[in-house]
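Engineer: I would like the atomic coordinates for the input below:
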Amino acid sequence: MALSDMDAVLQIEQASFSTPWPRQAYLFELARTGRSVCLVCERVQPDGHALLVGDIVIWLAGEIAHVATLAVHPQHRCEGIGAHLLAEGLLASIDCGMTAALLEVRGENLGAQALYQKFGFDVVGIREGYYEDTGEDAILMALKPLLRDQLAEFTKCG
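Structural biologist: Numbers count the residues shown, from 1 in each chain. Got it, this is the predicted structure:
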């Protein structure tokens, strides 16, 4: 992810979430060299133009990779992009010394939950009232240990 990606990232964020991350949050993460992993996925169009279709931000804290946000443009979902981004982000996290991963997901977001379960994430708790916009609970999921071999099958973009 680069500063030049911000407009496209924010469009995906707004199309994906009822409470999207603001530009300043992404700029903060990009400036935190070595403290977060910020990636995008682009698709090359028939005219040769690269179209940004997804993004991920992972916080690196201690030995835990915390998936802060993962979004795929609605027109490009179910193409393996989310799995590709998650795998590449977690691999980058392993390279930074992370040994486990953690995330929160809305209870109603069954598609995301299915993706995380495919990676081996387990439900480890509930954060009651976590989402301020609806008061909805968050399901806390963890992947431990975080192993390179588990992620290899997901590294190809659909």
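
Engineer: which residue ranges form the helices in this protein?
Structural biologist: Assigned by DSSP state H, the helices in the chain fall at 6-16, 23-31, 81-95, 110-118, 148-151.

Engineer: wait, which of the ones you listed is closest to A142?
Structural biologist: A142 sits nearest to helix 110-118 of all the helices of the chain, at 9.7 Å, using CB to CB. Heads up, the C-betas are built off the backbone N, CA and C, glycines and all.

Engineer: what's the angle between the closest one and helix 81-95?
Structural biologist: 40 degrees (axes from the mean of the first three to the mean of the last three CA atoms, to 10 degrees).

Engineer: how far out from the middle of the chain is helix 110-118?
Structural biologist: Mean-position distance between helix 110-118 and its chain equals 12 Å (CA atoms, centre = their mean, to the nearest Å).

Engineer: May I see the buried residues of that helix?
Structural biologist: Residues of helix 110-118 classed as buried under the neighbour-count rule (16 or more other CB atoms under 10 Å) are A112, Q113, L115, Y116.
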